[in-house]
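Novice: The sequence and its predicted three-dimensional model are supplied below.
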2 protein chains.
Amino acid sequence: MLSQTAEYALRAVLYLAEQPHGRPVRVDEIGDALGIPANYLSKTLATLVRLRVLASLRGPHGGFRLAVAPEDLPLMQVVAPFDDIAARRHCLLGNPECSDHDSCAAHHAWKRTSEQVEHFFRTTTVADIRRAPAPAARGRRAAAAPTRSRRTA
Amino acid sequence: MLSQTAEYALRAVLYLAEQPHGRPVRVDEIGDALGIPANYLSKTLATLVRLRVLASLRGPHGGFRLAVAPEDLPLMQVVAPFDDIAARRHCLLGNPECSDHDSCAAHHAWKRTSEQVEHFFRTTTVADIRRAPAPAARGRRAAAAPTRSRRTA
DNA sequence: GATATTTAGGATATTAACATCCGAATAGCA
DNA sequence: TGCTATTCGGATGTTAATATCCTAAATATC
């Protein structure tokens, strides 16, 4: 679904979100932990720094950390620089002139589904998908009795 | 959203579906009409012939035509050989082991949306998106009075 | 049967995504 | 002040998708 680069970015951001708050993590560690080539990831994360999604510290004890609270960080912001989700909505048939007024054949049918995808990336935040204690009992159901603790650290 | 090749395939199939029934269309004509490189399209369509989605006739008055009624042809069948839609469902984070039981962090959140996308491609047929007389007044509203006729041929 | 037309498909070129390498630039620490 | 750890970013290599070219195979028409 996502380009390789966007997937790397998302996984790395997720990894940072799981860290005890604020601790900067080196690229090597992230790459090691997630099986992502560190050199490549380095550039991807640098892009996210420029976009103020991450912050970086050089030198000893340096690394990357989130610059935004996970609750305020929609997946879209992490993924968009590497994979233009919104562009996928435009037209299934690649017609650049396609709009609600002058629509291509597939426009109506595709519109709803494409909106659902964009909605997902706009409204789901990093906090929403951060590894949680009890993935099953989140939100709708009573959050009182977590079935099993998943905290590994 | 779709790979270039899959998009070509879909547009070409749609073009064939718009033709008066049965008339075979040459690759050159399709490529010309749709702005797709004919040589390239040729191979794409040949693949669809092997998969029994299209039929081909060589020689004079030859060309390609649908081998299946548009009503019986889900977009998935046209697109899947060039772009594995179903694979996108599996895991947003690219985890090969991700399933309902042993799920990655994003699994639950992503599941619904990815299912909607797959559902679209499985249930929408070529007939559904074939260029229709009056695109605006389809389905919900009364289909009685087509505002304007679009039939060009 | 000869010929023109058209698909079939192998070989090859082009392009963009992905990945690696290495030398700066920066920051903490002795 | 120097040393080391770490990000930053340019240059380059690799791979897969996209595109082109050319010849062979098939088929309708004369």
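Specialist: Done, it's in.
Novice: Show the contacting residues for the residue nearest to residue A:81 when sequence neighbours are not counted.
Specialist: Take residue A:81 and drop its neighbours on the chain: the residue closest to it by Cβ to Cβ, 6 or more residues apart in numbering or on different chains is residue A:47, 5.5 Å away. For every residue, glycine as well, the C-beta is placed using N, CA and C. Contacts for residue A:47 (Cβ atoms under 8 Å, 6 or more residues apart in numbering or on different chains) come out as A:9, A:81, A:82.
Novice: can you confirm residue A:47 is in a helix?
Specialist: Yes. Under DSSP: H, G, I helix; E, B strand; the rest coil, residue A:47 falls within a helix.
Novice: What is the least confident helix or strand in chain A by mean pLDDT packed up against?
Specialist: Using mean pLDDT, DSSP states H and E, the weakest-scoring helix or strand in chain A turns out to be helix A:85-90, at a mean of 86. Helix A:85-90 sits against helix A:107-123, with contacts defined as 3 or more Cβ pairs under 8 Å, 6 or more residues apart in numbering or on different chains; DSSP states H and E.
Novice: Tell me who's in contact with the closest residue to DNA strand C within chain A.
Specialist: Of all residues in chain A, residue A:37 sits closest to DNA strand C, at 2.5 Å by Cβ to the nearest atom of the strand. Taking Cβ under 8 Å, 6+ apart, we find residue A:37 in contact with residue A:31.
Novice: quick revisit: could I get the buried residue list for the least confident helix or strand of chain A?
Specialist: By 16 or more other Cβ atoms under 10 Å in any protein chain shown, the buried positions in helix A:85-90 come out as A:85, A:88, A:89, A:90.
Novice: hang on, the earlier thing: ok, and the most crowded of the contacts of residue A:47?
Specialist: Ranked by the number of neighbours (other Cβ atoms under 10 Å in any protein chain shown), these place residue A:9 first, at 27 neighbours.
Novice: doesn't residue A:45 make contact with it?
Specialist: Yes. In this structure, residue A:9 is within contact of residue A:45 by Cβ atoms under 8 Å, at 7.5 Å.
Novice: Let me know the pLDDT of residue A:151.
Specialist: Looking at residue A:151, its pLDDT reads 35.
Novice: Same check on residue A:108?
Specialist: 87.
Novice: tally of neighbours for the residue lying closest to residue A:110 once chain neighbours are set aside?
Specialist: Nearest-residue entry for residue A:110: residue A:92, 4.4 Å, with adjacent residues in sequence omitted and distances by Cβ to Cβ, 6+ apart. For residue A:92, the tally of surrounding residues (other Cβ under 10 Å) stands at 29.
Novice: So residue A:26 sits against residue A:60, correct?
Specialist: No. With contacts counted by Cβ under 8 Å, residue A:26 stays clear of residue A:60, the gap being 10.3 Å.
Novice: Can you pick out the residue with more neighbours from the two?
Specialist: residue A:26 (15 against 5).
Novice: and which of the buried residues of helix A:85-90 is nearest to DNA strand D?
Specialist: residue A:88 (13.4 Å).
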